[in-house]
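Colleague: whatever this is, show me its structure:
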Amino acid sequence: MKPEYDLSQMKSRKNPYASKLKKPVTMRLSEEVVLYFKDMAMEAGVPYQSLINLYLRDCVAQHRKVKIAWQAKPNPRV
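Modeller: You can find the predicted model right below:
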């Protein structure tokens, strides 16, 4: 840096993009799910991780809830 630049008088400010930063996470996804999103991403011309993020953001925006219904195992003694 050139000596004529005096940054000691500069005021700091918060990063305006900090709220938009992405958090890295580790997830275990089935190979079928990964291939599905990779194929869709290739068709759309975007990285597959970005496509997964867009899909999940849409779920958040639409307040989608997962409906899980476990099927009862058949009782072999009956």
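Colleague: and the residue nearest the centre of this structure?
Modeller: residue 53 (3.4 Å; CA atoms, centre = their mean).
Colleague: what are the ranges of the helices in this protein?
Modeller: For the chain, the helices defined by DSSP state H occupy 31-44, 48-61.
Colleague: among those helices, which is nearest residue 21?
Modeller: Nearest to residue 21, of all these, is helix 48-61, at 12.4 Å by CB to CB. To be clear about C-beta, it is placed using only N, CA and C from the backbone, and glycine gets the same treatment.
Colleague: could you pull out the buried residues of the closest one?
Modeller: 48, 51, 52 (16 or more other CB atoms under 10 Å).
Colleague: list the contacts of the second one.
Modeller: This means residue 51. 37, 40, 41, 44 (CB atoms under 8 Å, 6 or more residues apart in numbering).
Colleague: could you find the closest non-adjacent residue to the last one?
Modeller: If I follow you right, that is residue 44. Among residues not flanking residue 44 along the chain, residue 51 sits closest, at 6.5 Å (CB to CB, 6 or more residues apart in numbering).
Colleague: now swap in the third one and tell me
Modeller: Once flanking residues are discounted, residue 41 sits nearest to residue 48: 3.8 Å by CB to CB, 6+ apart.
Colleague: how about the first one?
Modeller: Using CB to CB, 6+ apart and skipping the chain neighbours, the partner closest in space to residue 37 is residue 48 (4.7 Å).
Colleague: what separation do you get for the one you found and residue 38?
Modeller: Distance of residue 48 to residue 38, computed by CB to CB, to the nearest Å: 5 Å.
Colleague: how much space is there between residue 58 and residue 52?
Modeller: For residue 58, the distance to residue 52 equals 11 Å [CB to CB].
Colleague: also residue 67?
Modeller: Taken as CB to CB, the span from residue 67 to residue 52 is 20 Å.
Colleague: what about residue 38, how many neighbours?
Modeller: Residue 38 is flanked by 15 other residues according to other CB atoms under 10 Å.
Colleague: and it, what does it touch?
Modeller: residue 48.
Colleague: low pLDDT regions in this structure?
Modeller: Residue ranges of the chain with pLDDT under 70: 1-2, 78.
Colleague: do that again at 80, thanks
Modeller: For the chain, applying pLDDT under 80 flags the ranges 1-4, 6-9, 18-20, 74-78.
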